[in-house]
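Colleague: A structural model of the following input is requested.
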Amino acid sequence: MTLDYEHKIDRLKESLEESDEFGERNVELLLDFERDLRLKDYSSARIYKLLSTLRVIARHIGFAFDEATEDDLDCIEKKQLGLEELLEVEKHCGDWLNPTEERRIG
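Modeller: Numbers count the residues shown, from 1 in each chain. Here you go, the predicted model:
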């Protein structure tokens, strides 16, 4: 059986847009991020995994992704994700989320 990741992505985006728990700015950033991943020709499965992980983070943080500091990201790592998942997210969106040099991880 093949999973329909496009349908899963659509449902995930609907849940983001309909809920107040993620923050308006984070929803906007996640939708932009999804668009950027498609432009880079990422698979639907990879897009779904990254958006799902970021949705979990967005649910539990009190700031917009593009305002995150290194301390904020360290806190997220300790509270929400194992190191492996954090590195996977950072690999695909670290520069996108933190474009300035002083905000880069590591």
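
Colleague: Next, work out how far apart Asn26 and Arg11 are.
Modeller: Distance of Asn26 to Arg11, computed by CB to CB, to the nearest Å: 18 Å. Placement of C-beta: from N, CA and C, glycine included.

Colleague: My error: substitute Ile61 in the last question.
Modeller: The span separating Ile61 from Arg11 equals 22 Å under the rule CB to CB.

Colleague: okay, these two: which has more neighbours?
Modeller: The residue with more neighbours, out of Ile61 and Arg11, is Ile61; 20 against 12, by other CB atoms under 10 Å.

Colleague: can I assume the more buried one is in contact with Asp72?
Modeller: Yes. If you go by CB atoms under 8 Å, Ile61 and Asp72 touch, sitting 7.2 Å apart.

Colleague: Where does the prediction get shaky in the chain?
Modeller: Scanning the chain for pLDDT under 70 picks out the ranges 1-2, 76-106.

Colleague: Counting neighbours, what do you get for Met48?
Modeller: Residue 48: Tyr, not Met. Around Tyr48 there are 20 other residues, counting by other CB under 10 Å.

Colleague: Could I get the contacting residues of it?
Modeller: 5, 8-9, 12 (CB atoms under 8 Å, 6 or more residues apart in numbering).

Colleague: The same query, at a cut-off of 10 Å, please.
Modeller: 3, 5-9, 11-12, 34, 42 (CB atoms under 10 Å, 6 or more residues apart in numbering).
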